[in-house]
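Visitor: sequence? don't have it. structure:
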Ligand SMILES: [Mn+2]
């Protein structure tokens, strides 16, 4: 406990010590409940020192950082509920930055507050809003009456079953604010409708999902008009969600049958893209013997994956699985128990790749992977070989994944198979394809 609080105080000192060096503070936060509540805590605190601008975004891409840099210049940027996976890039690009997050962290430099770095599990012990709260406490003692925002953030990230470790500390500290009934929590000093923590969280989440994050921020700080409007759009959203849920529950047997051979329940339709997240959260409660991956086919694929603690204990890591599966054709990642992605390729291709990765995690089958790398004299030959070979890959055998591409003058084929016999046949076939494409080129 002591370590993470100490680090929070250090980062707060960094903020105070550098205050004169920038005109403005930018808060960049995630667009779910946790990110919006984190942003609200930071907004309430940092406006006491400087002009503040908020940006609520679905996810960070490298491109996002470049665009942000252009706008922010040498001002301070505070990332909350995101940023951990881009620590290195952020530290290289931004002169003054702070990262308050609970996602898996790597290549981390200074000014990063993340429970993973202090021996806690970010998925269960502290939310992004919790990390923001620890930081804010050092700058503005009055923020304590808003400690409920840290807990609403935790509820948004499903950390209330049960509240533990750092989350529990926040609840204990907030004497008179919280009344706990198991996983339900009631908040004392807020508008009546928001007293139920689960409802508060759902209301803010709906604002984010429906691209009304600013409304969500107003809800967090108890703006009555905003609460009224948010309730209206929430009801409408809830209705859409319920209709979709009923549909999939009505087709339960069909979904089980279709996914019989797979390590995952894939649930696919052209539902609104905003529904995949909440639907996957609801459906994992029903389809709980395998992970659930909900896919919207509107535009490119929008993907939300959910698991259970039990599946995670058996080796499941959905963040890793999605990240590997979408490589080069999208972006994805997240926690072991919950993750998301977008994918620009074919749906069957995505499903095969994820299925393979998750089978590998569960080690339920014998799996084998190999790479063929050929160095050509020039990039053109490497590229044309990759192209020629890819056409043949279209008739790939099931249970084998083949991906060919070139990196400058290097031609690379990645082969993954569930069976050594198939693996060997595929390698043979590939070599023949490569040879014939070389001959054709000559
Ligand atoms: Mn979060």
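Guide: Thanks, I have it. Treat the numbers as computed from the prediction; the structure is a model and nothing was measured.

Visitor: Secondary structure element for the residue of the chain found nearest the ion, which one?
Guide: Here the chain gets closest to the ion at one residue, residue 34, 3.4 Å apart by CB to the ion. The way it works is simple: take the backbone N, C-alpha and C, and place the C-beta from them, glycine included. Assigned by DSSP states H and E, residue 34 falls within helix 33-46.

Visitor: Which other helices and strands does that helix contact?
Guide: When contacts are defined as 3 or more CB pairs under 8 Å, 6 or more residues apart in numbering; DSSP states H and E, helix 33-46 sits against strand 24-30, strand 51-57, strand 76-80, helix 128-137, helix 148-156, helix 197-209, helix 213-220.

Visitor: Centre of the chain to that helix, how far?
Guide: 18 Å (CA atoms, centre = their mean, to the nearest Å).

Visitor: ok, and for it, which residues are buried?
Guide: Applying a neighbour-count criterion of 16 or more other CB atoms under 10 Å, the buried positions in helix 33-46 are 33-46.

Visitor: Just confirm residue 374 contacts residue 385, I think it does.
Guide: Yes - using CB atoms under 8 Å, residue 374 is in contact with residue 385, at 7.5 Å.

Visitor: neighbour-wise, which of these two wins?
Guide: residue 385 (23 against 17; other CB atoms under 10 Å).

Visitor: so how far is residue 379 from the more buried one?
Guide: Distance, residue 385 to residue 379, by CB to CB, to the nearest Å: 11 Å.

Visitor: okay, and the common contacts of the two?
Guide: residue 406 (CB atoms under 8 Å, 6 or more residues apart in numbering).

Visitor: Residues of the stretch 1-150 of the chain that sit close to the ion?
Guide: When proximity is defined by CB under 5 Å from the ion, the stretch 1-150 of the chain lies next to the ion at 34, 81, 128.

Visitor: What sits closest to residue 170 if chain neighbours are left out?
Guide: Using CB to CB, 6 or more residues apart in numbering and skipping residues adjacent in sequence, the residue nearest residue 170 is residue 150, 5.2 Å away.

Visitor: Who are the contact partners of the one you found?
Guide: Going by CB under 8 Å, 6+ apart, residue 150 touches 37, 41, 127, 129, 130, 132, 133, 167, 170.

Visitor: change it to 7 Å
Guide: Each residue near residue 150 by CB atoms under 7 Å, 6 or more residues apart in numbering is listed here: 41, 127, 129, 130, 133, 170.

Visitor: Which strand residues bridge the most centrally placed residue in the chain?
Guide: By CA atoms, centre = their mean, the chain has its centre lying nearest to residue 334, at 3.8 Å. When bridges are called by DSSP bridges, residue 334 pairs up with residue 339.

Visitor: From residue 372, how far out is it?
Guide: Distance, residue 334 to residue 372, using CB to CB: 31 Å.

Visitor: Likewise for residue 317?
Guide: Counting by CB to CB, the gap from residue 317 to residue 372 is 27 Å.
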